[in-house]
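> Return atomic coordinates for the entry below.
(4 chains)
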Number of protein chains: 2
Amino acid sequence: MCEVDALGDTVDSVRRRNLSTVLELVHRGGDPSRADLTARTGLNRSTIGALVAELVELGLVVETDPSATNRVGRPSRRVLADPRPAVIAVNPEIDAVTVGVVGLGADVTHRIRHELDHVASPEEAARIVGDLVDRLRAGPAADRRILGVGLAVPGLVRAADGVVRWAPHLGWRDSPFARLVENIVGLPTVADNDATLGALAERLFGVGRGVDHLVYLNGGASGIGGGVVIDGRPYRGAWGYAGEFGHNRPRLDDPAHRATVGGTLEEEVSRARLLELLGRRTLDEPEFQAAVLASDDPALHAELARQQIVLGGALGNAINVLGPELVVLGGFLATLHAWDAEALDAAVAARTLPIAWEGTRIQAAGLARDRLLIGAAELAFGPVLRDPASVAGR
Amino acid sequence: MCEVDALGDTVDSVRRRNLSTVLELVHRGGDPSRADLTARTGLNRSTIGALVAELVELGLVVETDPSATNRVGRPSRRVLADPRPAVIAVNPEIDAVTVGVVGLGADVTHRIRHELDHVASPEEAARIVGDLVDRLRAGPAADRRILGVGLAVPGLVRAADGVVRWAPHLGWRDSPFARLVENIVGLPTVADNDATLGALAERLFGVGRGVDHLVYLNGGASGIGGGVVIDGRPYRGAWGYAGEFGHNRPRLDDPAHRATVGGTLEEEVSRARLLELLGRRTLDEPEFQAAVLASDDPALHAELARQQIVLGGALGNAINVLGPELVVLGGFLATLHAWDAEALDAAVAARTLPIAWEGTRIQAAGLARDRLLIGAAELAFGPVLRDPASVAGR
DNA sequence: GTTATTTGTTGCGCTTGACCCCATTTCTGC
DNA sequence: GCAGAAATGGGGTCAAGCGCAACAAATAAC
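Coordinates of the predicted model:
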């Protein structure tokens, strides 16, 4: 009789969960005082005291003297994330491998971008990650307590074991990338889809702070990635492949809006098409947005309008089904939003069930380039946040 | 400082959760023995003993002498749902109001279908429900302990307060239907979308038993309703309107597949269109399916094939985004599946990201007409299942 | 300086579940 | 047919968690 799942709840789990709750509150930010923690958790002052003491003991939080506040009563000590514990966040891309050191509270302290002149294989990427991590551990991050590695992979990642099933732009197929990195770096390593982690990062530290249900779409150079946050947690579906909005085929009301045969969202709504009209080969995100907003080329405007309408149909489908509170657009989709937010809103409204659309907002992503590193770090911190006591002795 | 949410966990909550876990295991079926409960929960035998004793005390479960089992060892007593506690399940439709008495374990013991010759207003429907409940309580359900009322409404229901925002076929708009019924019947009343509850029922007692992530689409006389189950729980989105697949607009690869201007799924894939080709005005579900499967009319076959392809596109979009393990089709969509399951699978496969489609199954719904009553009952039992001790004295 | 207010600390009590030991029942082997 | 093994249930004891209350500490207002 194997106990697949201990459904039952023991007294130990109370402690573990409360420890986790307090650490998460500190990690999520706001520099809470002990009094804040008491209010937020509903626990007793004495309990909070004991929990914070244990987290200090574990080297995960530190207490500081209270900051000056003009309020009556004994000031409450502030509880801050300990700056030492950290994780390695990794984002392999077609043109570079980026590795960062991230502390609690989404604090990206170091970042190395290793440029590539060719697309790396999983094995090569893992070796590069190993070298970069060695360099970080030898120098800038020598005094950090590295607890794990999180990988943000632009592709479909199997949730069960972190195997990259398919990363079209990298050309990877069924590669146990997480295990490759783990063997080289020697730290517990987890992987997930980059857009899912971007959604999580926006939820925790970006425009989606406090939003329980959000949909995130990121427009990259080579396609559109999507992530879904449900009940405040990243949603991965049964196997880990959820959120592939880019491969959906939205209806095109007008045949003139059809630009491709395949008709997937990422074919119809594409950065490459806009770059071509701008007459440019490549541009980074801020430059791209500046160029689009500065242009008064009618052909570009027509294409922007067309892409807004197609995107509106895709978002309408997503909103009808998922009923999110917020839709976050990143990458060049944020530019599509910045160009004419009202028009985009109208395009969505016209293709969404009115009541489902009623309370939904569309916003540009709030975090800059660090988004994926923050998401990957969150993934790596996951086990620690869920069970802080597990870091004892590490 | 208002404590919106007591994030903290106390010893009391352990008891409540364990009580809930045990009651759910009994409710979900399988007639577990105490030994089964111990194994499933991972809790101690003595703890299970205490929890079961408390549930017996609360009148929610009964213990029976062990059934003859040919196994070594002292036989374990079986724990069964107490037959007395029950809820009222209600499904108002355009042509009838159905009310049922449902016990724990999805046991539909009585059902009254009140036919209508016109579409009832919310007020009239509430009065009819009141009359039917009075009749049930006076006679067949006199010895039952009625704990609440659950309403399965064919429309958009706001999760926060059960207000029916829009029920297109009933013509209801912003009606506090749950409160109307509560005031008449005098029992705690909750409402939700019918398809969401259908999905929940299939998850708990139908073909989706044990499946954590499923999508449910029901083809009714007047449209297509959808429900989503995520992590084993019904997913409602931020406000309660999630799952409106019927109003999505899937891409039609071939203009010839386009049958309407609006292009929503429920316009393109419609029972009425098939009925017309069958030359019939109305048919109930089993008759409809028999007629479709018996027909060799090429025009009907062409339309069935067209609808399969359009449905395939919609399901492909849903699978890309939600990554469910199972898609459950009910109503005439089950007939579309029964007519040629392989063709439907192929239509979906052609429009879904291959890896996302890999492990997904499509099946016809398993529960018969009682599906909505079971789902509504589950909704009404919700508070009891979450906190069994709350029924003390009721 | 005194008082009111808020926070932190300590010790106590309550509840819970784990563990140990023994009772009870059935099945197996002789 | 009977003894012993296997499996489960029940009761008592023990450790651990949290809430509570009383007291100490720190600040603002008067």
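> alpha carbons only for contacts and neighbour counts from here, please
Will do.
> A:V327 falls within a strand, correct?
Yes - with DSSP: H, G, I helix; E, B strand; the rest coil as the criterion, A:V327 is part of a strand.
> list the contacts for A:V185?
A:130, A:133 (Cα atoms under 8 Å, 6 or more residues apart in numbering or on different chains).
> can you check the one 5 residues further on too?
Neighbouring residues of A:V190 by Cα under 8 Å, 6+ apart: A:149-151, A:162, A:178, A:379-380.
> That one should be in a helix, yeah?
No - with three-state DSSP as the criterion, A:V190 is located in strand rather than a helix.
> From B:A126, how far off is it?
A:V190 sits 53 Å away from B:A126, going by Cα to Cα, to the nearest Å.
> Can you pull the residues of chain A lying near DNA strand D?
Within chain A, the positions near DNA strand D by Cα under 7 Å from any atom of the strand are A:11-12, A:14-15, A:18, A:42-44, A:46-47, A:50-51, A:66, A:68-75.
> Any quick ChimeraX command for the buried ones out of these?
Of these, the buried ones go into a single ChimeraX selection, burial set by 16 or more other Cα atoms under 10 Å in any protein chain shown:
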select /A:14,15,18,42,43,51,75
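> Strands - which of the residues of chain A next to DNA strand D land there?
Within those, no residue falls in strands by DSSP state E.
> And the residue of chain A that's closest to DNA strand C?
A:G73 (2.9 Å; Cα to the nearest atom of the strand).
> Would you check which of the residues of chain A next to DNA strand D are in contact with chain B?
A:11, A:14, A:18, A:42-43 (Cα under 8 Å from any Cα of the partner chain).
> Please flag which of the residues you listed sit within helices.
Among these, the members falling in helices (DSSP state H) are A:11, A:14, A:18.
> Distance-wise, check the last one relative to A:A343.
Between A:N18 and A:A343 the distance, using Cα to Cα, works out to 46 Å.
> In TSV, list the ones in helices among the ones next to chain B among the residues of chain A next to DNA strand D along with distance to B:V26 and pLDDT.
Listed next are these as TSV, based on distance: Cα to Cα, whole Å; pLDDT from 0 to 100:
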residue	distance to B:V26	pLDDT
A:V11	23	82
A:V14	24	87
A:N18	29	90
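> where do the strands sit along the stretch 151-300 of chain A?
Assigned by DSSP state E, counting those that start in this stretch, the stretch 151-300 of chain A shows strands spanning A:156-157, A:164-167, A:172-175, A:189-193, A:214-219, A:224-230, A:233-235.
> Same list, those strands, but as a markdown table with mean pLDDT please.
Conversion of the strands of the stretch 151-300 of chain A to a markdown table gives the following (pLDDT from 0 to 100):
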| stretch | mean pLDDT |
| --- | --- |
| strand A:156-157 | 96 |
| strand A:164-167 | 96 |
| strand A:172-175 | 97 |
| strand A:189-193 | 97 |
| strand A:214-219 | 96 |
| strand A:224-230 | 96 |
| strand A:233-235 | 96 |
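> For A:A290, which of these is the nearest?
The closest of the strands of the stretch 151-300 of chain A to A:A290 is strand A:214-219. By Cα to Cα, the value is 16.0 Å.
> follow-up on the earlier one: in helices, which of the contacts of A:V190 appear?
Members of the contacts of A:V190 lying in helices (criterion: DSSP H): A:178, A:379-380.
> nearest to A:R369, of these?
For the ones in helices among the contacts of A:V190, the minimum distance to A:R369 (Cα to Cα) is 17.2 Å, reached by A:L379.
> Please, a PyMOL command that selects the buried ones among the contacts of A:V190?
In PyMOL syntax, the buried subset of the contacts of A:V190 is picked out as below (16+ other Cα under 10 Å):
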select buried, chain A and resi 149+150+151+162+178+379+380
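> For the ones next to chain B among the residues of chain A next to DNA strand D, work out which two are farthest apart.
So, these by Cα to Cα: farthest apart are A:V11 and A:G42, at 17.7 Å.
> Tell me the gap between the longest helix anywhere in chain A and the middle of its chain.
Longest helix in chain A, counting residues (DSSP H): helix A:298-322. Relative to its chain's centre, helix A:298-322 lies at 23 Å (Cα atoms, centre = their mean, to the nearest Å).
> Now do the closest residue to A:A106 other than its chain neighbours against A:G359, distance only.
Leaving aside its chain neighbours, A:A106 sits nearest to A:I374 (5.7 Å; criterion: Cα to Cα, 6 or more residues apart in numbering or on different chains). A:I374 sits 28 Å away from A:G359, going by Cα to Cα.
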